[in-house]
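Colleague: Sequence and computational prediction follow.
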Amino acid sequence: MTATSDTTPQWRRPLGAGPAIEDFFSGLARVRTWVLLARRDIQMRYRRSMIGPFWISISMGVMVVALSFLYGGMFGQDASSYQAYLSYLACGFLAWGLLGGLVSEACNSVMESEAYLRNVPLPLTLIACRTVFRQFIFFLHNLVVIIPLVAWLGVGLKFSAIEALLGVGIYLLAGFGACLALGPLCARYRDLPQVVANVMQALFFFTPIFWDPSAVPQRAILVEANPFYQFVQLIRAPILGEGISEISLVYTLACVAALWAVGIGVFLWSRRQMYFWL
């Protein structure tokens, strides 16, 4: 049995590019494992529940309708404007649900896998895939609620809505890089998840989710420079028939590249130490 076999604890594996590359791709290749782990996570979280993860979709739907009544009344919108605003809000929450879920779950990806890591040598990439796939399943549940709601409000889905699939793919790539970067760092520095949670809460209000960027034209550059806004537009704009803008595509792909660069760096640094941080 070689030193880099699956039964060898990861902290005892040799250093060097070869073993690191093997660890990286072995996690990606074990598709059946991370799919089963993600499905088991959902089953355990919603065991004995009659509708399971659809509670997340119901909660999102209730929040969208409640906020639309609140802000629609404050802005004095008529019926047609209210329908457009509700569609805008629903798509914004759909996009933020996936984006925020990926970031928050990335922080806990390693710590929640502690029981597995103490008994089975799992590559960090497998843990990242498990987390990303689980959030993708949640997104599909939300999609089942939001898309009919948008269609019912009279927003006809155009061919440009297909571009939202590209946006989802970019989200998943970004989530994978975030898991590689944040998972080990949050396991090492246990205050970091709280810092990220507070930053995400602040960014939720600074990002045009329930307010229109045209309401603050004097600060348009701050909106455009917000990477979270550009990520939200990857899903919201195509569903609303606007298509993905070039600036959103370039901006988000640059963010994905940066996340992967940082994630791979953290992966190489933490690969042999992560087990001591649990």
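Modeller: That came through, no problem. Residues are numbered from 1 along each chain as shown.
Colleague: any low-confidence regions in the stretch 101-250 of the chain?
Modeller: Along the stretch 101-250 of the chain, the parts satisfying pLDDT under 70 run over 153-157, 217-219.
Colleague: can you give me the helices for it?
Modeller: 114-117, 124-152, 163-188, 192-206, 220-224, 227-239, 246-270 (DSSP state H, counting those that start in this stretch).
Colleague: Any idea which of these gets closest to V65?
Modeller: For the helices of the stretch 101-250 of the chain, the distance to V65 is smallest for helix 124-152, at 8.7 Å, taking C-beta to C-beta. Every residue, glycine included, has its C-beta placed from N, CA and C.
Colleague: Leaving out the residues flanking it, which one is nearest to T131?
Modeller: Spatial nearest neighbour of T131, chain neighbours left out: S109 (4.4 Å); criterion: C-beta to C-beta, 6 or more residues apart in numbering.
Colleague: Quick one: closest of the helices of the stretch 101-250 of the chain to S104.
Modeller: helix 192-206 (6.6 Å).
Colleague: how much does that closest one deviate in direction from helix 227-239?
Modeller: With axes from the mean of the first three to the mean of the last three C-alpha atoms, to 10 degrees defining the directions, helix 192-206 sits at 50 degrees from helix 227-239.
Colleague: Leaving out sequence neighbours, find the closest residue to I235.
Modeller: A95 (4.0 Å).
Colleague: count of neighbours near the one you found?
Modeller: A95 has 29 neighbouring residues, counting by other C-beta atoms under 10 Å.
Colleague: quick thing: my sequence starts at 729, can you match it?
Modeller: Sure, I'll start counting at 729 from here, so that last one is A823.
Colleague: what's the pLDDT at it?
Modeller: pLDDT, A823: 93.
Colleague: how far away is it from V984?
Modeller: 16 Å (C-beta to C-beta, to the nearest Å).
Colleague: just to revisit the earlier point, looking at the helices of the stretch 829-978 of the chain, which one is packed in the most?
Modeller: Per residue and on average, the most neighbours among the helices of the stretch 829-978 of the chain fall to helix 955-967, with a mean of 24 (mean count of other C-beta atoms under 10 Å).
Colleague: What is it packed up against?
Modeller: helix 807-836, helix 891-916, helix 974-998 (3 or more C-beta pairs under 8 Å, 6 or more residues apart in numbering; DSSP states H and E).
Colleague: Buried residues of the longest one, list them for me.
Modeller: The reference is to helix 807-836. For helix 807-836, the neighbour count (16 or more other C-beta atoms under 10 Å) marks 810-811, 813-836 as buried.
Colleague: now it: how far from the chain's centre is it?
Modeller: Distance of helix 807-836 from the chain centroid (C-alpha atoms, centre = their mean, to the nearest Å) equals 12 Å.
Colleague: quick one, it and helix 920-934 angle?
Modeller: 170 degrees.
Colleague: Nearest residue to P955 in space, please, no chain neighbours.
Modeller: C983 (5.2 Å).
Colleague: Does the one you found touch G903 like I think?
Modeller: No - counting by C-beta atoms under 8 Å, G903 is not a contact partner of C983; they are 11.6 Å apart.
Colleague: which residues does C983 contact?
Modeller: For C983, the contact set (C-beta atoms under 8 Å, 6 or more residues apart in numbering) comprises A902, P955, Q958, F959.
Colleague: try F959
Modeller: A823, L827, G895, I898, Y899, A902, S976, T980, C983.
Colleague: Let me have those in JSON lines, extended by distance to F753.
Modeller: Listed next are these as JSON lines, based on distance: C-beta to C-beta, whole Å:
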{"residue": "A823", "distance to F753": "30"}
{"residue": "L827", "distance to F753": "27"}
{"residue": "G895", "distance to F753": "26"}
{"residue": "I898", "distance to F753": "21"}
{"residue": "Y899", "distance to F753": "22"}
{"residue": "A902", "distance to F753": "20"}
{"residue": "S976", "distance to F753": "30"}
{"residue": "T980", "distance to F753": "25"}
{"residue": "C983", "distance to F753": "23"}
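Colleague: What distance do you get for the residue nearest to I963 to L968?
Modeller: 11 Å.
Colleague: and if you look at Y899?
Modeller: 17 Å.
Colleague: And for N954?
Modeller: 19 Å.
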